[in-house]
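Novice: Below are the sequence and a predicted model; questions follow.
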Amino acid sequence: MKVLLSDISEIQFGFYAKPDTEGDVKYLQAKHFDDLGQLSNEIDTFLMRNEKKLSHLLIDGDILFVGKGFRNFAWTYTSEIGDAIASSIFFVIRPNKEMVNPEFLTTLFNTSKYQTYFQQLGAGSSITSIRKSELEAIKIDLPELALQNKIVELKKLHQRDIQLSKELIEQKEKKFQTIFNDLQNNMI
């Protein structure tokens with residue numbers, strides 16, 4: 001079934017603030033994400049909690065989407081990382097979880113098909129920027145929730161496979177360096 005993003009979610013802008021190096025709420029910025037759109041462990045910007053910021057606290061399943069620049073990735077927040085607020089570089093997409101698995105939407109937005117579409121939306125300016133109305137009007141092919149969940153599980157297996165492959169490459173590199181150093185030391 002085809003739906004508009006606005007039919008299955010609420011979209012708001014991230015919060016603009018001057019971050020500190022200390023605080024009780026993590027302030028997520030684009031620099032905290034790697035080239036694959038994965039959160040790094042090095043979050044170094046914080047905000048102090050107050051009444052004005054409470055409405056901007058992320059909840060499980062909120063999707064952060066970068067709508068400015070050339071890196072339009074999506075990422076799903078979980079409370080495991082602690083209280084956090086998204087900076088204004090992000091759109092915060094709050095999906096209706098009865099209709100859509102947030103991780104499915106994130107996976108969909110990170111596919112090459114949608115990445116190409118997002119680049120086309122922002123084309124024509126030196127720094128691309130997607131408007132909220134354009135994001136709301138995106139048409140989504142939304143399968144049944146059961147299929148969405150299967151796709152999310154497949155994506156998790158794929159990510160685990162990539163991580164294991166990276167670890168294997170690192171181990172092979174260490175092994176090579178050890179053998180090389182041993183051979184070189186035996187030559188002296």
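Specialist: Here it is on my side, so go on.
Novice: Need the contact partners of the helix or strand bottoming out on mean pLDDT in the chain.
Specialist: Among the helices and strands of the chain, helix 51-54 carries the lowest confidence by mean pLDDT, DSSP states H and E, at a mean of 86. In this structure, residues lying in contact with helix 51-54 by CB atoms under 8 Å, 6 or more residues apart in numbering are 15, 17, 25, 47, 85. Yep, even glycine has a C-beta here, placed from its N, CA and C like the rest.
Novice: List just the nearest of the residues you listed to Arg131.
Specialist: Of all the contacts of helix 51-54, Arg131 sits closest to Phe15, with 18.6 Å by CB to CB.
Novice: May I have the beta-bridge partners of the closest one?
Specialist: Ser87 (DSSP bridges).
Novice: Centre-most residue in this structure?
Specialist: Relative to the mean C-alpha position of the chain, the nearest C-alpha, by CA atoms, centre = their mean, is the one of Trp75, at 2.1 Å.
Novice: Three-state assignment for that one, please.
Specialist: Assigned with DSSP: H, G, I helix; E, B strand; the rest coil, Trp75 falls in the strand class.
Novice: Which residues does it form beta bridges with?
Specialist: In beta-bridge terms (that is, DSSP bridges), Trp75 pairs with Leu64.
Novice: quick one: contacts for it?
Specialist: Trp75 makes contact with 33, 37-39, 63-64, 106 under the criterion CB under 8 Å, 6+ apart.
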